[in-house]
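**Q** predicted coordinates and the sequence they were generated for:
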Amino acid sequence: MELEYKDHLSPMLKGDIKNYLIDIDGTITDDVPNEEPERMVDCIPYPDALETINRWYDQGHIICYFTSRTENLKQITIDWLDKHGFKYHSVLCGKPRGGNYHWIDNHLVKATRYKGKFTDMVEKKVTIEVFED
C-alpha cells in the first residue's frame, strides 16, 4: 500500500486506490446476528460479493471487513472468509450495531448501501448531509 505524506498530515492513498470498508452480515452473506454464532460457520457467501471484492483486491484496493461482530467472533469470521476464498487486508470487529450510520472524518468518505447485489461502482448524484460551510 503506497501512502502519500504531505505537510505533516495523515497519509492518503495514492491515485485511485480506495479503502473499502465492507460489512459482512446481510452484505456478503446472510444476516446472522451475534447471538447465533453457530450460523456464522455454515452461511454461504453471496457469489457476486465474492467475485467483486476479490476483483477490487486484485486491482490494488484495500479491503477491510468492518463488522458488528464482536472480538470473540473474530476467528470464526476470519476462518469463514478464508474458507470461502475472500481476499482482504484486515478485519475490524465492534462496529456499532443498529445501522443509521453517519461517519464524520477528516478524509473523504463515501458510502454505498447494499441492496442485494454487488457490481462495479458507478457515479451517481445524490443528496447528502454535510456540515454548514
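**A** Noted; the coordinates are in hand. Model, not experiment: these values are computed from the prediction.

**Q** pull out the buried positions in the lengthiest helix in the chain.
**A** Taking DSSP state H as the criterion, the chain has its longest helix at helix 47-58. Residues of helix 47-58 classed as buried under the neighbour-count rule (16 or more other CB atoms under 10 Å) are 49, 50, 52, 53, 56, 57. For every residue, glycine as well, the C-beta is placed using N, CA and C.

**Q** phi first, then psi, for the residue nearest the centre of the chain.
**A** Residue closest to the mean C-alpha point of the chain, counted by CA atoms, centre = their mean, is residue 22 at 1.3 Å. Main-chain torsions, residue 22, degrees, to the nearest 10: phi -120, psi 130.

**Q** from residue 27, how far off is residue 113?
**A** For residue 113, the distance to residue 27 (CB to CB, to the nearest Å) stands at 10 Å.

**Q** what about these two, which has more around it?
**A** Neighbours were tallied for residue 113 and for residue 27 using other CB atoms under 10 Å; the higher tally belongs to residue 27 (17 against 7).

**Q** gap between the closest residue to that one other than its chain neighbours and residue 96?
**A** In this structure, residue 27 finds its nearest non-sequential neighbour in residue 114, 4.5 Å apart by CB to CB, 6 or more residues apart in numbering. Note on residue 114: its distance to residue 96, by CB to CB, is 17 Å.

**Q** just residue 12 next, same as before
**A** 26 Å.

**Q** of these two, which one has the most company?
**A** Set residue 12 next to residue 96 and count neighbours by other CB under 10 Å: residue 12 wins out with 13 against 8.

**Q** my guess is that one contacts residue 3. True?
**A** Yes - because the distance of 6.8 Å satisfies CB atoms under 8 Å, residue 12 is recorded as touching residue 3.

**Q** following the chain past the helix or strand bottoming out on mean pLDDT in the chain, name the next helix or strand.
**A** Ranking every helix and strand in the chain by mean pLDDT, DSSP states H and E puts strand 3-4 at the bottom, with a mean of 70. For strand 3-4, the following helix or strand on the C-terminal side (DSSP states H and E) is strand 12-13.
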